[in-house]
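> Here is my input, please return the structure:
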Amino acid sequence: MSPTLSRVITSSAAAIAAAGSLIAISTQSAGAAITEEYAALGDSFASGNGTRNPDINLGCYRSSEAYGPEIAAERASTTLVFPACGGAVTDDVINTQSKSLTAETDWVTVSIGGNDVGFAELLLNCGGSLDEPLCLAKADEVNQRIDTDLGPKLDTAYASIKQGAPNAGVISIGYPRFFGSDISCLDADGITPNEATALNGLADNLEAKVADRSRAAGIQHINPIQQFAGHDICSSTPYLNGKAELNAADAYHPSPEGYSNGFKPLIRKIMG
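Next up is the predicted model:
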């Protein structure tokens, strides 16, 4: 073989190899671009309580009708990590749920804080076995917990998420109001106007605290109050369940429409 022909063959082989490497890199990059990992963390407002359908996991009440699975199903090539669990508190996010995150996680949503202050228990008891003065006193106690105790817990939870998913876009999701001007329906279950005002004010306080600590952590926050306005428990198109549920685990949680028409559009506005 002549030296010239040898050089031509060698150069051609090198060019083919280089081209092959470029094709491999391009293919890998394209694959990475269209495949995203989304983690839905948090409490019952993320796991799917209220859908009346815990079809994924009964113990944590994980539902395919929660916003996490619905968003993952709608977004092309999105893989869902779904550790959200009914009853979860910030310690669960810190010690367990955040451990499911990695440097490959692209998006994280988290709804947390309500159980740390006893919001759900308060809602379930007001208008029922408790009289109005006791309900209002309990609401004051919960507001105090929000003001004094919740902030540091949220700070630690958000830090654990950012540490677990350092490259992810992180979105915190707040809590809506449950009551509108009409509280005469069975789902309101005897809630008085004073109780409704106090509980809506508490929801506002909780939302404000979650928003404040989210900003401090440098993560995006969704305030759902306006989106849910006009879709309270006694409305004609409720995004929220009241107390009149066959399963108490569904009471005072988003309805299926609350997940699909309330939370999901707000999240997809950010995630795409």
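
> Kindly spell out which helices and strands sit in contact with the host helix or strand of Arg145.
Using DSSP states H and E, the element containing Arg145 is helix 132-145. For helix 132-145, the packing partners by 3 or more CB pairs under 8 Å, 6 or more residues apart in numbering; DSSP states H and E come out as helix 114-117, helix 119-125, helix 193-217. Where C-beta positions appear, they are placed from N, C-alpha and C, glycine not excepted.

> Give me the residues contacting that helix.
With CB atoms under 8 Å, 6 or more residues apart in numbering as the contact definition, helix 132-145 has outside contacts at 116-119, 122, 125-127, 130, 192, 194-195, 198-199, 201-202, 205.

> Can you say which of these are buried?
By the neighbour-count criterion of 16 or more other CB atoms under 10 Å, the contacts of helix 132-145 include these buried positions: 116-117, 119, 122, 126-127, 130, 192, 195, 198-199, 202, 205.

> wait, which of these is closest to Val81?
When the buried ones among the contacts of helix 132-145 are ranked by distance to Val81 (CB to CB), Asp116 comes first, at 22.6 Å.

> The closest one reaches Asp149, doesn't it?
Yes: under the criterion of CB atoms under 8 Å, Asp116 makes contact with Asp149 at 7.3 Å.

> Low-confidence regions, the stretch 51-200 of the chain specifically.
Low-confidence segments of the stretch 51-200 of the chain, defined by pLDDT under 70, span residues 128-130.

> Kindly recompute the last result at 80.
Applying pLDDT under 80 to the stretch 51-200 of the chain picks out residues 124-125, 127-130.

> right, and the pair among the buried ones among the contacts of helix 132-145 with maximum separation?
Asp116 and Thr192 (26.3 Å).

> Ser235 contacts Gly180, doesn't it?
Yes: with contacts defined as CB under 8 Å, Ser235 counts as touching Gly180 at a distance of 6.1 Å.

> residues in contact with Gly164?
Neighbouring residues of Gly164 by CB under 8 Å, 6+ apart: 98-102, 105.

> ok, now Tyr38?
By CB under 8 Å, 6+ apart, the contact set of Tyr38 is 68, 71-72, 75, 78-81, 105-109, 271.

> The closest residue to it other than its chain neighbours and Gly272, how far apart?
Take Tyr38 and drop its neighbours on the chain: the residue closest to it by CB to CB, 6 or more residues apart in numbering is Trp107, 4.4 Å away. If you measure Trp107 against Gly272 using CB to CB, to the nearest Å, the figure is 10 Å.

> quick one: which of the two has more around it?
Of the pair Trp107 and Gly272, Trp107 is the one with more neighbours under other CB atoms under 10 Å, namely 24 against 8.

> what about the helices in the protein?
Under the criterion DSSP state H, helices of the chain are mapped to 3-34, 44-47, 67-74, 90-95, 114-117, 119-125, 132-145, 151-164, 193-217, 225-228, 256-257, 264-271.

> Can you tell me which of the ones you listed is most buried?
Per-residue neighbour counts averaged over each of these give the maximum for helix 44-47, namely a mean of 28 (mean count of other CB atoms under 10 Å).

> contacts for that one?
Residues lying outside helix 44-47 but in contact with it, judged by CB under 8 Å, 6+ apart, are 40, 50, 60-63, 66-68, 84-88, 109-111, 114-115, 120, 173, 175, 249, 253-254.

> Recalculate using a threshold of 6 Å.
40, 60-62, 84-86, 111, 253 (CB atoms under 6 Å, 6 or more residues apart in numbering).

> Looking at those residues, state which has the most neighbours.
When neighbours are counted as other CB under 10 Å, the busiest of those turns out to be Ala84, with 32 neighbours.

> Let me know whether that one touches Gly48 as I believe.
No: with the criterion set as CB atoms under 6 Å, Ala84 and Gly48 do not qualify as a contacting pair; they are 7.9 Å apart.
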